[in-house]
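Student: Requesting a structural model of the entry that follows:
(4 chains)
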2 protein chains.
Amino acid sequence: MKDMASLKRVDGLPTWLLSRANARAQAILHDAFGRAGVRGYHFRVLAALEEFGPVSQANLGRRTGIDRSDIVATLNDLVVKDLVSRAPDSNDRRQNVVTITRPGEEMLRRLDVALTEVQDVVLEPLNDRERATLIRLLAKLG
Amino acid sequence: MKDMASLKRVDGLPTWLLSRANARAQAILHDAFGRAGVRGYHFRVLAALEEFGPVSQANLGRRTGIDRSDIVATLNDLVVKDLVSRAPDSNDRRQNVVTITRPGEEMLRRLDVALTEVQDVVLEPLNDRERATLIRLLAKLG
DNA sequence: TTATATCGTTGGTCGTGCCAACGATTATGG
DNA sequence: CCATAATCGTTGGCACGACCAACGATATAA
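Tutor: Numbers count the residues shown, from 1 in each chain, chains lettered A, B, ... in the order given. This next block holds a predicted model:
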């Protein structure tokens, strides 16, 4: 959202504050990811692949919380960019085995750096104590 | 998002916690609004109309932070539901004058109740002190 | 009066998140 | 052993919030 002259009716409401804060955070994140040529889904899939090793698409979906159908599209992108390889599973011909490639791992490292920087930009208005408190409360809220 | 077995790489990151907490909050809100037959845009437009009185669509967009083109679609819905009336401005024939109707005001009152309840559901995991702190920190973050 | 600005509107795009259904394959239970 | 059920990848769709470009009509400025 560009900007707005805050409505009395929503101003200060937790749901509103959450959506504003999140919008700002996601904008910064989206920007950083965009500079690396990826979106959130790409990162999550790469992260899951590196954390769990080669897995089927269905399992990838379960571990990332991304719908099977969206996993397909995300993998299509990643395969084209050679960040991931997709091969039929010889033990179960229903499944594919998805593996992160070397370029994929390198991309992930770059994204890690970007991600860390983003956190700092997002939390910039808060001091260390406030940051810790916010994280604790948000985690409780989850 | 249905659920997921949290990735090490994102777990605990402010951007992630914010997005999770917001997703939960918006799901609850979306649900409550849905039961009343409206979406977020509808509420924001009604709220702005009641707060500022009859205004043009462009001004409605500025005050709500909603794009002009989306205002058009939102008003189309609201007009059909008789929650709002749209008439050409006789002083400036480029503009329309948008006014909230009686049914619109009644709807707004119902939405107010729902909105208040939603806040409580969203904040349910926190005690009063924590709620105040969260609100303060989120506002700072905005 | 000519140029510029604003208005409503149409018709897109994007990202995230869903859901239904299909053919292919594998597992399960009578 | 065979029928039924479950799972897989995939296609194609929808919702929602957010944004953008461009149009004709109208109004304001230089």
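Student: can you pull the contacts of residue A:16?
Tutor: With CB atoms under 8 Å, 6 or more residues apart in numbering or on different chains as the criterion, the residues that contact residue A:16 are residue A:10. From N, CA and C alone the C-beta is placed, and that goes for glycine too.
Student: What helix or strand is it located in?
Tutor: Assigned by DSSP states H and E, residue A:16 belongs to helix A:14-36.
Student: Give me the contacts around the host helix or strand of residue A:76.
Tutor: If you go by DSSP H and E, residue A:76 is part of helix A:68-80. The list of residues contacting helix A:68-80 from outside it, by CB under 8 Å, 6+ apart, reads A:41-42, A:45-46, A:57-58, A:60-61, A:64, A:66, A:84-86, A:98, A:104.
Student: any residue of the next helix-or-strand element following it up close to DNA strand C?
Tutor: Toward the C-terminal end, the helix or strand that comes next after helix A:68-80 (DSSP H and E) is strand A:84-88. No - no part of strand A:84-88 sits near DNA strand C under the criterion CB under 7 Å from any atom of the strand; the closest distance found is 9.1 Å.
Student: The helix or strand following strand A:84-88 vs helix A:68-80, what angle?
Tutor: Elements were assigned by DSSP H and E; along the chain past strand A:84-88, the next helix or strand is strand A:96-100. Here strand A:96-100 runs at an angle of 50 degrees relative to helix A:68-80 (axes from the mean of the first three to the mean of the last three CA atoms, to 10 degrees).
Student: contacting residues around the spatially most central residue of chain A?
Tutor: Using CA atoms, centre = their mean, the residue of chain A that lies closest to the mean C-alpha position is residue A:40, 3.7 Å off. Shown here is residue A:40, whose contacts under the criterion CB under 8 Å, 6+ apart are A:29, A:30, A:33.
Student: what about 7 Å?
Tutor: residue A:33 (CB atoms under 7 Å, 6 or more residues apart in numbering or on different chains).
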